[in-house]
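1. Pasting the sequence and the predicted model now:
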Amino acid sequence: MKGLNINTLVKVIVSLGLGIYLTWYLFDIMTPEDIAIFKKAIINSNYWLIALSLLLALLSYFSRAYRWGYTLWPMGYKSSFKNQYHSLMIGYLVNMTIPRAGEFSRAVMLKRSDNIPVGPGFGTIVTERIIDMIIMFSLAATAILISPQETSLIFSKLKESFFGPAEQNSGGEVWLYVFIFCVVILLILLFIKSIRRRIVAFLVSLKEGLSSIFKVKQYWAYLFHTFFIWVSYLIMFALPFYAIEGTSNVPLSGMLLAFSFGALGISFTNGGMGAYPLLIGVTTAYYLQNQGVENADAIGNALGMVIWATQTIFLILLGLISFILMPRKFKSKNNE
């Protein structure tokens with residue numbers, strides 16, 4: 001148990017440390033003029049459109065929670081929509097602090113509220129995540145196929161942003177590579193003891209989850225909710241582009257590419273701290289620079305920060321509310 005706690009603590013510290021560093025880096029690379037433009041862009045944002053994007057986010061959470069029931073019911077487990085929603089939001093909240101622990105906490109919360117075994121419950125969540133990954137990879141592949149040259153140039157811009165032009169690379173690049181190497185080795189050492197057990201548990205849960213997918217009776221309803229969830233994600237991401245002056249002319253292909261880079265950033269740090277706004281900022285700035293927009297980096301970073309900060313605060317607020325309202329103890333009289 002102590003080893004597990006240490007592993008968790010190290011993962012949190014590494015992820016949080018990287019997020020803090022990238023947030024500091026985002027502001028450090030901006031000039032005083034850039035920071036002034038950055039603040040102005042945030043203050044003058046159309047927050048009605050931001051609020052609309054958050055409303056879509058809430059509807060997507062409702063839809064995801066309701067869709068979860070379709071995979072639980074075929075296995076003989078019943079849960080209320082309310083408990084499924086609260087479990088989902090608590091899971092999101094946990095993911096903000098402990099990377100990738102939210103999925104397991106969702107299953108645990110549903111065990112406490114509805115006495116649904118953690119194994120099958122977690123299996124449905126793993127399956128859900130696999131479906132999400134397939135859709136996300138499909139969207140990213142589409143973005144790259146539509147904009148192959150832009151993708152390559154943005155990657156080059158990211159490398160240049162961190163390391164400077166190739167002919168000006170300094171010791172900073174070497175130290176960053178050393179840091180990344182040390183983090184990878186540390187994570188390998190942390191997980192090597194339990195990796196076999198984790199793989200076996202994952203495969204068992206996945207088998208249970210996949211079996212529930214094939215048993216779904218409301219197949220078209222499940223597909224509808226999946227479609228609604230991802231269309232909501234795309235629209236709620238696009239709306240802030242029209243909320244900040246100067247970013248509304250970014251083409252839809254650019255928004256899709258920024259969406260893909262942002263999704264990548266979420267996997268790097270706690271809740272995408274630092275990485276998410278930075279990747280969106282760099283992607284957006286590329287398109288703005290091509291359009292001749294002045295202070296493109298500052299405006300791009302402002303957009304990334306607005307999207308990340310509003311969604312993160314909203315998610316934390318909803319998660320805390322669900323944590324308070326979620327039933328903690330299963331009542332046996334409701335157990336059929």
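-> That came through, no problem.

2. For the helix or strand hosting residue 227, name the packing helices and strands.
-> Here residue 227 sits within helix 219-243, counting by DSSP states H and E. If contacts are counted by 3 or more Cβ pairs under 8 Å, 6 or more residues apart in numbering; DSSP states H and E, helix 219-243 sits against helix 47-72, helix 118-146, helix 252-266, helix 296-325. (Each C-beta comes from the backbone N, C-alpha and C, glycine too.)

3. Can you pull out the residues in contact with it?
-> 45-50, 52-54, 56-57, 59-60, 63-64, 66-67, 70-71, 131, 135, 139, 216, 247-248, 250, 252, 255-256, 258-259, 262, 284, 303, 306-307, 310 (Cβ atoms under 8 Å, 6 or more residues apart in numbering).

4. quick one: average pLDDT of it?
-> Mean pLDDT, helix 219-243: 94.

5. ok, and for that helix, which residues are buried?
-> 222, 225-226, 228-230, 232-233, 236-241, 243 (16 or more other Cβ atoms under 10 Å).

6. Give me the buried subset of the contacts of helix 219-243.
-> Once neighbours are counted (16+ other Cβ under 10 Å), the buried part of the contacts of helix 219-243 comes down to 45, 49-50, 52-54, 56-57, 60, 63-64, 67, 70-71, 131, 139, 216, 247, 250, 255-256, 258-259, 262, 284, 303, 306-307, 310.

7. just to revisit the earlier point, from the buried residues of helix 219-243, pick the one nearest residue 9.
-> residue 233 (31.6 Å; Cβ to Cβ).

8. Quick one: residues contacting the nearest residue to residue 11 once chain neighbours are set aside.
-> Sequence neighbours aside, residue 99 is the residue nearest to residue 11 in space, at 5.8 Å (criterion: Cβ to Cβ, 6 or more residues apart in numbering). Residue 99 sits next to 11-12, 15, 269-270 when contact means Cβ under 8 Å, 6+ apart.

9. hmm, try it at 10 Å
-> Counting by Cβ atoms under 10 Å, 6 or more residues apart in numbering, residue 99 makes contact with 8, 11-12, 14-16, 266-271.

10. Then residue 244?
-> 41-42, 44-46, 49-50, 284, 299-300, 302-303, 306-307 are the contacts of residue 244 under Cβ under 10 Å, 6+ apart.

11. possible to save these as TSV with distance to residue 85 and pLDDT?
-> Below are the contacts of residue 244 laid out as TSV (distance: Cβ to Cβ, whole Å; pLDDT from 0 to 100):
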residue	distance to residue 85	pLDDT
41	34	91
42	31	92
44	35	92
45	29	92
46	29	94
49	25	95
50	23	96
284	32	93
299	36	94
300	34	93
302	32	94
303	30	95
306	26	95
307	23	95
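
12. Which of these sits closest to residue 318?
-> Closest to residue 318, out of all of the contacts of residue 244 and judged by Cβ to Cβ, is residue 50, at 15.7 Å.

13. and of the contacts of residue 99, the nearest to residue 120?
-> Once Cβ to Cβ is applied, the member of the contacts of residue 99 that ends up nearest residue 120 is residue 8, at 24.1 Å.

14. residue ranges with poor pLDDT in the chain?
-> 1-5, 7-8, 160-214, 328-336 (pLDDT under 70).
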